[in-house]
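Visitor: dropping a prediction and its sequence here:
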Amino acid sequence: MLGHLRSGNKRTKTIWWILTVVTVGSFLGGFVFLAGLGRDQGTRARMSGDVGSVNGEGITMTQWQGALEEARQAYRQRYGVDPQDRDVKTVEQQAWRSIVNERLFAQQAKQAGLGATDNEVVIGMRTNPPPMLLASAAFQTDGKFDPNKYQQALANPGNNWAPFEAMLRDQLPVRKLQERLLASIKLSQPELHQAFRDRFDRFTATLLTVPAADTGRSSGSEAELLAAYEKYKSRMAAGPRTQLEVLVSPKRFGAEETKAAMDMAKSLFERASKGEDFAQLARDYSEGPNAEKGGLIDRWLQPSELGPMVAAAVQVKKPGEVIEPVQEGGRVLLLKIMDPAQDTSKTKTPPPAPNAVKLSQIVIKVRPAPEDLRAQYKEVKAIADRARSVGLSKAATEKGMSTVKTGFYDSNNAPPQLFAVPEASDWGLSAKQGEVSPVFEGEDEFVVVQVATLKMIADAEHRVDMSKPRADSVVAALKSGRSLEDAAKLVHLTAASVQGTRAQPDPRLAGSPELLGMLLGAPAGKVIGPVRSAQGWSFARLDGVTAAPDTLFNDQTKGQLTNEILQNRQRAFFESYVEKLRGGAQVADLRASERSY
């Protein structure tokens with residue numbers, strides 16, 4: 001090209017220069033464009049120093065710290081103590097959910113054109129201040145918000161309220177949006193009367209369930225999985241509910257590291273036993289919660305909460321004595337039984353049971369060598385990588401490990417198996433079927449989870465199919481004129497008497513809404529069935545209905561029912577609304593990205 005530029009007339013040179021500039025510009029612009037494509041929301045948030053983002057809107061460290069402090073204050077108000085041990089991670093996850101939900105609502109409020117005027121901010125500061133101010137210790141009297149203290153502080157021109165006014169200015173549009181949403185939820189008189197009947201009309205019935213086979217597995221074919229989904233998709237669409245396969249790999253603590261922590265705890269035990277102030281030792285050496293308060297766990301504890309070793313020790317130790325060091329995972333605990341007669345805490349209450357105790361603790365953490373943690377992390381990460389092609393259960397089995405399954409859960413009911421790593425349960429709610437998580441780290445464990453598939457449901461369906469011949473025998477007996485009780489005996493089963501209301505049926509009926517609906521719509525004495533469910537094949541006979549007298553449908557009952565129904569509807573509506581927003585949102589959580597060690 002340079003040869004062409006050097007030769008030719010002036011016009012030719014001009015044309016070639018233009019082509020060169022356009023070509024080079026397009027080439028460089030393409031690189032810039034491709035580089036921009038690689039910068040997703042998480043990358044952009046990370047580059048800006050944010051702890052995360054919601055639909056491209058960054059969450060700053062300051063905003064995150066504010067949300068975290070609000071969550072901690074809420075915990076203190078509810079339990080009277082600071083978050084303890086693993087509760088710390090739960091509080092952090094609740095704070096993260098809260099700030100994400102607030103940001104989603106704020107974005108919706110902005111789209112709706114909702115804002116806040118200066119006058120609304122002034123009125124709001126006087127009558128409905130931000131939660132952080134309501135929970136502030138400066139405005140508390142006997143553990144409750146004191147409006148007089150707050151109004152006196154508000155009238156002081158020396159106080160700087162600008163940060164809280166800005167906070168309220170952000171919150172007011174969200175409140176307006178929530179008020180609009182609440183106003184859309186109604187309850188008609190016919191609905192109220194039907195709710196009364198559902199609550200108070202009682203029925204009795206006879207139930208026979210032919211259970212599914214004890215064993216049996218489906219082929220796992222695409223057709224069977226699709227059939228299972230089509231059968232239960234209406235229930236699956238009732239809000240995000242997830243089941244996870246969980247692999248927990250406990251951290252390995254070396255003998256030297258454990259001995260060092262135990263030696264430190266034994267030294268402190270000897271010092272405390274000789275009369276040194278336990279609270280001061282906790283302030284100086286404890287690595288656990290409330291160390292600055294002398295390690296006091298300011299609530300009554302039952303022996304069942306303490307573990308077998310500590311529970312046994314508190315039975316033989318006296319108040320004021322120190323229990324010998326006990327290792328729990330990656331911590332060594334030194335505990336002192338507090339004397340109720342010397343309790344000067346704000347939450348002083350009588351013990352709820354004769355064997356309940358209050359304890360103070362010194363926590364010494366076992367610190368594994370970084371290279372040991374790094375090696376174990378790589379082992380678990382290798383299992384997670386392998387699981388992406390063969391499944392978590394098989395990948396774990398190949399390494400001589402086992403997995404467990406959680407029950408189905410939603411955003412309001414995290415599974416107990418993930419209490420130590422609540423971020424894993426949140427991950428599962430937004431992950432796709434079969435997806436494998438990164439490695440999550442808890443205090444004493446590494447955790448990997450995988451979203452369970454429809455295979456388990458298909459297996460259950462297959463076992464129900466295997467029990468159909470027994471159900472057919474019941475059908476044949478009923479057609480021959482036998483009673484439901486006699487038909488049950490032919491298949492070596494027993495029909496059971498059940499009762500309840502439509503709102504609160506017997507648990508054996510609650511699991512099959514189709515059966516309950518057919519039963520309450522049938523005339524008394526008629527046997528309905530077989531109705532298929534995940535548990536097997538069910539037959540039922542309505543024996544009678546006792547209607548509640550209309551005199552019970554008075555103003556008091558109407559008021560109670562109205563409040564309960566509206567509260568339930570509002571809660572369900574908001575949960576569904578939030579899940580819908582979260583389902584369509586792009587959320588980047590950069591608080592604790594997967595560690596590389």
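Guide: All right, it came through fine.

Visitor: my read: residue 432 touches residue 451, true?
Guide: Yes: in terms of CB atoms under 8 Å, residue 432 counts as a neighbour of residue 451; the distance is 6.6 Å. To be clear about C-beta, it is placed using only N, CA and C from the backbone, and glycine gets the same treatment.

Visitor: who has more neighbours, those two?
Guide: residue 451 (20 against 6; other CB atoms under 10 Å).

Visitor: show me the contacts for the more buried one.
Guide: Residues in contact with residue 451 (CB atoms under 8 Å, 6 or more residues apart in numbering) are 242-245, 428, 431-435.

Visitor: and with 6 Å instead?
Guide: In this structure, residue 451 makes contact with 428, 431, 433-435, judged by CB atoms under 6 Å, 6 or more residues apart in numbering.

Visitor: quick check, residue 258 in a strand?
Guide: No: secondary structure assignment places residue 258 outside any strand; it is helix (DSSP: H, G, I helix; E, B strand; the rest coil).

Visitor: so who does the closest residue to it other than its chain neighbours touch?
Guide: Nearest-residue entry for residue 258: residue 366, 5.4 Å, with adjacent residues in sequence omitted and distances by CB to CB, 6 or more residues apart in numbering. For residue 366, the contacting residues are 253, 257-258, 261, 330, taking CB under 6 Å, 6+ apart as the criterion.

Visitor: what does residue 578 give?
Guide: Taking CB under 6 Å, 6+ apart as the contact definition, residue 578 lies against residue 101.

Visitor: at 8 Å what do you get?
Guide: With contact taken as CB under 8 Å, 6+ apart, residue 578 is in contact with 101, 104, 411.

Visitor: and residue 548, by the same measure?
Guide: Under the criterion of CB under 8 Å, 6+ apart, the contact partners of residue 548 comprise 196-197, 200-202.

Visitor: that one - that's part of a strand, no?
Guide: No: when the secondary structure is assigned by three-state DSSP, residue 548 falls in coil instead of a strand.

Visitor: give me the most central residue, the chain.
Guide: Taking CA atoms, centre = their mean as the criterion, residue 414 is the residue nearest the geometric centre of the chain, at 3.7 Å.

Visitor: count the neighbours of residue 79 for me.
Guide: So residue 79, with other CB under 10 Å, has 14 neighbours.

Visitor: name the nearest residue to it, ignoring sequence neighbours.
Guide: The spatially closest residue to residue 79, leaving aside those adjacent along the chain, is residue 299, at 6.6 Å (CB to CB, 6+ apart).

Visitor: neighbouring strands for the helix or strand hosting that neighbour, and are they parallel or not?
Guide: Using DSSP states H and E, residue 299 sits within strand 296-301. With DSSP bridges as the test, strand 296-301 is paired with strand 357-365 (antiparallel).

Visitor: next helix or strand past the partner strand?
Guide: Using DSSP H and E, the helix or strand that directly follows strand 357-365 along the chain is helix 370-390.

Visitor: and the contacts of that next one?
Guide: Defining contact as CB under 8 Å, 6+ apart, one finds that helix 370-390 is touched by 247, 249, 251-252, 254, 392, 394-396, 398-399, 401, 436-439, 441, 446, 448, 450, 595, 597.

Visitor: 6 Å instead?
Guide: If you take CB under 6 Å, 6+ apart as the criterion, helix 370-390 is touched by 249, 395, 399, 436, 439, 446, 448, 597.

Visitor: do stretch 87-102 as well
Guide: With CB under 6 Å, 6+ apart as the contact definition, stretch 87-102 has outside contacts at 54, 67-68, 71-72, 75, 83, 422-423, 578, 587.

Visitor: and it, how far out from the chain middle?
Guide: If you compare the mean C-alpha spot of stretch 87-102 with that of the full chain, they lie 10 Å apart, counting by CA atoms, centre = their mean, to the nearest Å.

Visitor: okay, now the unreliable bits of the stretch 451-597 of the chain?
Guide: Under the criterion pLDDT under 70, the flagged ranges of the stretch 451-597 of the chain are 453-460, 592-597.

Visitor: ok so, going back, what mean pLDDT does the strand holding residue 299 get?
Guide: The predicted model assigns strand 296-301 a mean pLDDT of 82.

Visitor: now the element after it, going C-ward?
Guide: The element immediately downstream of strand 296-301 (helix or strand, assigned by DSSP H and E) is helix 308-316.

Visitor: could you give me the buried positions within that next one?
Guide: Neighbour-count burial for helix 308-316, with 16 or more other CB atoms under 10 Å as criterion, is recorded at 310-311, 313-314.

Visitor: among these, which one sits closest to residue 552?
Guide: residue 311 (48.3 Å; CB to CB).

Visitor: and the pLDDT for the closest one?
Guide: Among the per-residue scores, residue 311 holds a pLDDT of 82.

Visitor: burial of the closest residue to it other than its chain neighbours, as a residue count?
Guide: In space, residue 311 comes closest to residue 303 once its chain neighbours are excluded; the distance is 3.8 Å by CB to CB, 6+ apart. Residue 303 has 17 neighbours, counted by other CB under 10 Å.

Visitor: give me phi/psi at residue 447?
Guide: As for residue 447, its main-chain torsions (degrees, to the nearest 10) stand at phi -130, psi 140.

Visitor: same question, residue 208
Guide: The phi and psi values for residue 208, taken as degrees, to the nearest 10, are phi -130, psi 120.

Visitor: can you give me the neighbour number for it?
Guide: Every residue meeting other CB under 10 Å relative to residue 208 is counted, giving 24.

Visitor: quickly list what it is bridged to.
Guide: residue 539.

Visitor: is it true that it touches residue 496?
Guide: No: judged on CB atoms under 6 Å, residue 208 makes no contact with residue 496 at a distance of 7.5 Å.

Visitor: how about the strands in the stretch 451-597 of the chain?
Guide: 496-501, 527-533, 536-546, 587-589 (DSSP state E, counting those that start in this stretch).

Visitor: great, nothing more from me.
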